[in-house]
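K.L.:
The following block contains a protein sequence and its predicted model.
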Amino acid sequence: MRRDIFKSPFINAVCALFMIAVFFDVYASELPGRELTDRHIFEARQRRENQDTEEVDEQSEENAVREAVRTQLDAVMATWHASPLATQMSADDVIIPFGKGGIFIPRFTETNTEPDVEVFDMDGYRLGSWEPGRTIILNPGEYRVMLGSGTFRQRIVRDVTVEEGRTTPVIPDWSGLVIDVVDEQGIILKGEYELVRIDEFDPYGRGHGASIELGEVVRAWILKPGIYKILGVGESYNTLTNFVTVRLLPGEFTNFLLIQDPEDFRIRGGGTIHLAPTTRLTSNWRFGANIGVNVQFNMETDHQAEADIGEASSFTMGSLFDAWILYRKRPMEWSTRLRLEEGLNITDRNVEAMINTPDRLLMSSIYIWRVLSWFGPYARAEFNSKLFNTRIRRYKEEQFLFVNSDYYLDPAAEPDTAQTFAIEPAFSPLIIELGAGVSADMTTRQYFELRSRLGFGGAFSRYGDRYRVIEGDRVMYRHPQDSDLRREQQDLVANSMVLYPEDKINIFEVGPQASIGALIRIGVYASAEGELKVFAPILPEHRLNKPDFEFSGTLSWRLSRILNLDYTYRQTLRQPSELDVPIHTSTHGIWLRLHYSSR
């Protein structure tokens, strides 16, 4: 019976468990690991919470840095004329083929005014050139992107990795600059200037404004960040006159307004002022306006002088209304500007001696249809006049004296002793200009740029009966040299302001006009630039065989880091039938400029 008990499965299981318990009790101290108590569990939980906190802190720091970078990039992109980077990329309709990738270089301007972008492989082989703002499709791999203004050595180079199926944007750390050239009345000029980087002395050559009558737009400079000097043509790089400076920051696009004298292109001033409209009315319409009034009163008293001559005063008041409206939606662009500038000046509290200066009314409008980014027709109109009579004031002279068209004293005109005299009526001159044509920037390659304008223009000018001031030595006399009457008339002329009459005249000219310009970069240290303008009126006279033309050319060599040599040539020919002898002039200029400055 005892054997039957040990054969039972239940009894066998109990015996096995008893033996395992005894074995564990004997060898428990030799088993691996350690006992998990409440203390161990608490410490492990605390370490986990600390680790989670550190990860949250690191993530917060990363988010803060990312947000700061995004905020800075948004502030930089707000200076661009073009849309932000993400908008440009989403608007680009280029489809990346299977097995390819892409590079995207954003543009600063809404029009094609920036130099092309060139791409090289890592062996230096040039793959081609593209406009900024378009996706560049390439095989996956490493590439070298070259962009910017200037010579090969001055351009900006960035290395980019292209991944399959992905467009890689290049965040701009370079700068953009557009220089609008105007005269002191705010009228747009073609102008001419030189651009030099002065923190790392590096001349970039000559720049120009835009000829509105030929549908031109101002070209943008793409440059490395730094401090740049804009100086008059031919000035020494160390000049302390006839220059302005501008600081360019990474990623920003700077609008610079340069004021020049239209006669000799000397710089009168400049600054980072927006000439174009800046207030966005809708997605495609923009508006801008400058409205101002200034009042000035001066009085000077000499307490030791007599009462009637010891006091002098002047009162000046001026007003300005300048407004623009711009519509821009690819491929169309239309802008209109109205400028009204008026002022009055009173001296010695004599209201009868008041004169209106300045007095100017200007309205202009231009429409451009960019069929291609580099080609499109344009049409323009401009109205220019004055609202009031043009008056002049005499000072030391005793009266106004008049001569006839032969410069003899006019016996029928009595001397005028008024303090002021109206020498030209209101709305004289009245000038209306119309023009239309096509504009083409045919190439903007690294070593060669070519641009052309071809149009048809007309101008109507109306001048009323008016006078102009002449020097007294131009007056003719009918009496003998030694006669008393002759000497009396000479004394009268010497103490008078002499006025010469000019009859009413209407001038109307119509004809084709064209310009072509080119820039060639010769190696790393030399460049050649030239421009030819031609105007051939067909009304009121047919002058296709005798056109007016103007040519200007410049050769520049950088002989060393501190030595530059420039040669300029200009030729002008004007041959209307009203002139007995055509105006035909030419000038040559050679500038050898040495620059050194310890920094």
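P.N.:
Looks like it arrived, so ask away. Numbering: from 1, shown residues only.

K.L.:
what's the neighbour count on the nearest residue to D503 once chain neighbours are set aside?
P.N.:
Of all residues not flanking D503 in the chain, D465 sits nearest, at 6.2 Å (C-beta to C-beta, 6 or more residues apart in numbering). Yep, even glycine has a C-beta here, placed from its N, CA and C like the rest. Applying other C-beta atoms under 10 Å, we find 12 residues neighbouring D465.

K.L.:
which stretches of the chain form helices?
P.N.:
2-6, 9-27, 38-77, 85-91, 484-494 (DSSP state H).

K.L.:
Now do the second one, average pLDDT.
P.N.:
This means helix 9-27. Mean pLDDT, computed over helix 9-27, is 58.

K.L.:
now do stretch 118-125
P.N.:
On average, stretch 118-125 scores 91.

K.L.:
buried set for that stretch?
P.N.:
Residues E118, V119 are the ones in stretch 118-125 that count as buried (16 or more other C-beta atoms under 10 Å).

K.L.:
contacts for that stretch?
P.N.:
Residues outside stretch 118-125 that contact it (C-beta atoms under 8 Å, 6 or more residues apart in numbering) are 103, 126-130, 136, 138, 141-147, 446.

K.L.:
can we see that at 6 Å?
P.N.:
For stretch 118-125, the surrounding residues in contact (C-beta atoms under 6 Å, 6 or more residues apart in numbering) are R126, L127, S129, E142, Y143, R144, V145, M146, Q446.

K.L.:
Check K229 and give its pLDDT.
P.N.:
pLDDT, K229: 94.

K.L.:
got a list of what Y467 touches?
P.N.:
I423, L499, P501 are the contacts of Y467 under C-beta under 6 Å, 6+ apart.

K.L.:
Show me just the buried residues among those residues.
P.N.:
For the contacts of Y467, a neighbour count by 16+ other C-beta under 10 Å gives the buried set as I423, L499.

K.L.:
which one of the contacts of Y467 is nearest K386?
P.N.:
I423 (12.1 Å; C-beta to C-beta).

K.L.:
Run through the residues that contact the closest one.
P.N.:
Applying C-beta under 6 Å, 6+ apart, we find I423 in contact with T390, I392, R466, Y467.

K.L.:
give me the number of residues near the first one?
P.N.:
Summarising burial for T390: neighbours were counted as other C-beta under 10 Å, giving 19.

K.L.:
Return the distance of the nearest residue to it once chain neighbours are set aside relative to L340.
P.N.:
In this structure, T390 finds its nearest non-sequential neighbour in E424, 4.0 Å apart by C-beta to C-beta, 6+ apart. Between E424 and L340 the computed distance is 18 Å (C-beta to C-beta, to the nearest Å).

K.L.:
Who has more neighbours out of the two?
P.N.:
E424 (20 against 16).

K.L.:
Could you check how far that one is from L499?
P.N.:
To L499, E424 is 11 Å away according to C-beta to C-beta.

K.L.:
Now do the end-to-end distance for stretch 92-106.
P.N.:
Across its full length, stretch 92-106 reaches 11 Å between end residues, using C-alpha to C-alpha, to the nearest Å.

K.L.:
which other residues reach it?
P.N.:
85, 88-89, 117, 132, 135-137, 140, 160, 162-164, 166-170.

K.L.:
Only the buried residues of that stretch, if you could.
P.N.:
Buried-residue list, stretch 92-106, by 16+ other C-beta under 10 Å: G101, G102, I103, F104, I105, P106.

K.L.:
any chance of those residues in TSV, with distance to L573 and pLDDT too?
P.N.:
Shown next, in TSV, are the buried residues of stretch 92-106 (distance: C-beta to C-beta, whole Å; pLDDT from 0 to 100):
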residue	distance to L573	pLDDT
G101	55	94
G102	51	94
I103	48	95
F104	48	95
I105	43	94
P106	45	93
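
K.L.:
Dump those residues into JSON lines; add distance to N294 as well.
P.N.:
Formatted as JSON lines, the buried residues of stretch 92-106 follow (distance: C-beta to C-beta, whole Å):
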{"residue": "G101", "distance to N294": "58"}
{"residue": "G102", "distance to N294": "54"}
{"residue": "I103", "distance to N294": "52"}
{"residue": "F104", "distance to N294": "48"}
{"residue": "I105", "distance to N294": "45"}
{"residue": "P106", "distance to N294": "41"}
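
K.L.:
before we move on, back to that, thought the residue nearest to D503 was touching K504?
P.N.:
Yes. Using C-beta atoms under 6 Å, D465 is in contact with K504, at 5.0 Å.
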